[in-house]
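>>> What follows is a predicted structure for the sequence shown.
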Amino acid sequence: MDIVEIVQANLLTPIVLFFILGVVAASIKSDLRIPEQLSAFLPIYLLAAIGLHGGLEMRKSGLEHLAIPIAVAVALALVITVNHYQILRRLGKFNIFDSYALASTYGSVGAVTFSVGLSFLKNQNISSEGYITAILAVLEPISLIFSIFLVNMAVEKELKRRKEPFSKITKQDTKTEIVHDVNNGTNIDSDTKNKAVNIREILRETITGKAIIILLGSIVIGYVIGDHGFVSIKPVFEDLFFGALVIFILEMGILAGQRLSDIKKVGPFLIAFAVLIPTFNGTIGVIIANYLGLSIGGAVMFGVLFASASFIAAPAVLRVAIPKANPSLYITSSLGITFPYIIIALLPILLIISTTFHNLSSISLFG
C-alpha cells in the first residue's frame, strides 16, 4: 500500500476538497458563510448519526467487547494529557494555564475528526468496529475534566506554598490577592481561584453538555431500536450523513482559513507540537488497538481518537474553566494546524501503520 497514492486519492475526496474550498473562500475574503441555524444544527445531526450507528453496532457485537477497550482508552487519555502538559510546560515554557488548556485540548477527542475518519475509511472500502463510538462518548469529557482538576490543584498548591490561606480567598474579598509565579510571570489572583474552585459546576456542565447528551442518547437509542427500528430513519441518518458532513467541513475550512494569519502568532514550538503530537498519539493508538484485536479500520479509528484535538467542546469549556489561558493558542493550533493535517495527511499514515501491524500480526500467527 503506497502512502503517496493514498494521500493523493484522499486529496480528491469531497471532504478534503470542501475543506480547501472553505480555506480559499476565507483567504480571498469571500462573503461565503454557513447560515447560523444550519451551523448550529449540523453538529447535533452528525453526533446523532454517529451515535445511532454506534448503538446498532454495539447491539450486533455485544457489550462485553467494550470494557477492555474503554478502560485502555481512558488510561491512555489520562497519560497523554499529563505528557502534553510536561512537554508544554518544561520544553515550551508555557505558563500553567496555557499548558493545561493546550494539554486538555489535545488530550480530548474531536467528533468532527471522528466523522471524517469514518468517511475516509468508507472511501477506502474499509469497515470498523461500531462500538468505538461509545469510546468517543466516554473520552469526550475525560481530558477536559482531568485538566480542570489538575489546574485547580496546581493553583491551590501554589497558594499554599506562598502561605496564602485557601479558606480566606472568597468571592466576598474586596482586596485582590495575587500570587506571582516567578518561573513564568503568571499571576494567580483570587478571581481565577474562585473560577477554578467551582469545579463541580464545571464538571456538571461538561458532562451534561449537548454534545455528550446527544451522543450518548443516540447510542442508547440505536442499541434499543436495532436494525429493524433504524429502517424508518435510515434515509435521514445514513443516506444524508456524508452530504451534511461536507457542508460542515466547508464551515470548518472557512474557520480555519480565518485563523491562517494567527498561525505565526503561536510560534514555531506550538506549530511543531500541533503536528508531531497528533502523529505520535495516533500511532500509539493504532498500535495499542492492534494488540486489542481490533480490525484495520477499527485500529485507525482508535488512533484517530487520540490523534484528534477538540476545537468545539474544548474552547467552550476552557473559556470558563481556565479563563487565564489564551484562547488563540489552543483554537488556532487545533483548528488551523492539527485539523487540516489530520484530514489531509495523518489519516492515510494511520491506515498504513494499521495495515502494516495487522499484516505483521497475521504473519506471526501463521508463520
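Alright, I've got the coordinates. Numbering: from 1, shown residues only.

>>> And the one helix or strand residue 144 maps to, what's buried?
Per DSSP states H and E, residue 144 falls inside helix 132-161. For helix 132-161, the buried set under the neighbour-count rule, 16 or more other Cβ atoms under 10 Å, comprises 132-152, 154-156, 158-159. (Each C-beta comes from the backbone N, C-alpha and C, glycine too.)

>>> Check stretch 31-50 too.
Buried, per 16+ other Cβ under 10 Å, within stretch 31-50: 34, 42-43, 45-50.

>>> Can you pull out the low-pLDDT segments for the stretch 1-150 of the chain?
When residues are selected by pLDDT under 70, those of the stretch 1-150 of the chain lie in 1-2.

>>> for the stretch 201-350 of the chain, same thing?
Using pLDDT under 70, the stretch 201-350 of the chain drops low at 201-203, 205-207.

>>> tell me the helices in it, going along the chain?
Counting by DSSP state H, counting those that start in this stretch, the stretch 201-350 of the chain has helices at residues 210-230, 234, 241-258, 263-291, 296-307, 313-321, 327-331, 339-341, 347-366.

>>> Pick the most buried one from these.
helix 296-307 (a mean of 28; mean count of other Cβ atoms under 10 Å).

>>> what's it packed up against?
Other helices and strands packing on helix 296-307, by 3 or more Cβ pairs under 8 Å, 6 or more residues apart in numbering; DSSP states H and E, are helix 67-86, helix 111-123, helix 132-161, helix 263-291, helix 347-366.

>>> which one of these lies closest to residue 304?
Residue 304 lies closest to helix 111-123 among these, at 4.1 Å (Cβ to Cβ).

>>> between that closest one and helix 210-230, how many degrees?
40 degrees (axes from the mean of the first three to the mean of the last three Cα atoms, to 10 degrees).

>>> Contacts for helix 111-123 next, please.
Helix 111-123 is contacted by residues 9-10, 13, 15, 43, 46-47, 50, 127-128, 133, 136, 140, 211, 215, 242, 245, 248-249, 252, 297, 300-301, 304-305, 307-309, 311-313, 339, 342-343, 347, 351 when judged by Cβ atoms under 8 Å, 6 or more residues apart in numbering.

>>> the inter-axis angle of it versus helix 347-366?
Counting by the same axes, to 10 degrees, helix 111-123 lies at 60 degrees to helix 347-366.

>>> picking up where we left off before, could you save the helices of the stretch 201-350 of the chain as CSV and add columns showing distance to residue 65?
Formatted as CSV, those follow (distance: least, Cβ to Cβ, whole Å):
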stretch, distance to residue 65
helix 210-230, 13
helix 234, 24
helix 241-258, 24
helix 263-291, 13
helix 296-307, 10
helix 313-321, 26
helix 327-331, 34
helix 339-341, 30
helix 347-366, 18
